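S.K.: no FASTA, just this:
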C-alpha cells in the first residue's frame, strides 16, 4: 500500500505542477481536480497500510486463542477464518484503490506538464507495484482459508485487478515513453 501511495503522490505532484504552470491559468481547476483525486487515493492507501497491519494482528490473536476443549477449538477456528477473510479483504481493497489511482497517472501522462511526464510514468509503475504486492498478499492469505466460495471469489477479483492494473500501466508507459 505504501508503494501505491507513492504512485498516487507522484500523479498528484504532476497535477499540482501543471495547475501552477505559467500560461495554463485557465486550466487551474482541471488540474486541481486531478490533484484532489490523487490526494484522496494517497490518503486511502496510507490508511490501508495500517489496516493491513491490524488485519494481520487479528490473525495472530486468533491463533493465540485457547484450544483445550471442543468449544474452544470451534471458536478458535471461527476466529481464524474471520481474521483470514479480513486479511484477504484489505489487500483486495488495496488493489482496487491502486487500480483506481491509475486514472490520475493516465491523465497526467496525457495532459499534464510535459516536463513532469516521467513522474506520471513512475507513478504508474508504483501503483502497479502496489497492486501486485497486494495481489500476492491475497493469494498467500487465501492459501490458509477453508471457505472455498469466499476464496474463489477473492482470487477471481484479484486476478481481474492484476490484469487490469498491468494493462493500465502499459498504457500509461506507452504515452509517457512517446513524450520522453
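M.R.: Structure received. Nothing here was measured: the structure is a model prediction, and the numbers come from that model. Numbers count the residues shown, from 1 in each chain.

S.K.: show the subsequent helix or strand relative to the helix ranked longest in the chain.
M.R.: Secondary structure of the chain per DSSP state H: the longest helix is helix 70-111. Per DSSP states H and E, the first helix or strand lying C-terminal to helix 70-111 is helix 117-143.

S.K.: give me the helices and strands touching that next one, please.
M.R.: Helix 117-143 is packed against helix 2-19, helix 70-111, helix 148-179, with contacts defined by 3 or more Cβ pairs under 8 Å, 6 or more residues apart in numbering; DSSP states H and E. (C-beta placed from N, C-alpha, C; glycine too.)

S.K.: turn those helices into JSON lines, columns for distance to residue 132 and mean neighbour count.
M.R.: Output for the helices and strands packed on helix 117-143, formatted as JSON lines (distance: least, Cβ to Cβ, whole Å; neighbours: other Cβ atoms under 10 Å):
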{"stretch": "helix 2-19", "distance to residue 132": "9", "mean neighbour count": "24"}
{"stretch": "helix 70-111", "distance to residue 132": "9", "mean neighbour count": "20"}
{"stretch": "helix 148-179", "distance to residue 132": "7", "mean neighbour count": "16"}
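
S.K.: and the helix or strand hosting residue 53, how far out from the chain middle?
M.R.: Taking DSSP H and E as the criterion, residue 53 maps to helix 28-63. Relative to the centre of its chain, helix 28-63 is centred 8 Å away, using Cα atoms, centre = their mean, to the nearest Å.

S.K.: just want the angle from the longest helix of the chain to helix 2-19.
M.R.: Helix 70-111 and helix 2-19 are oriented at 30 degrees to each other (axes from the mean of the first three to the mean of the last three Cα atoms, to 10 degrees).

S.K.: many thanks, we can stop here.
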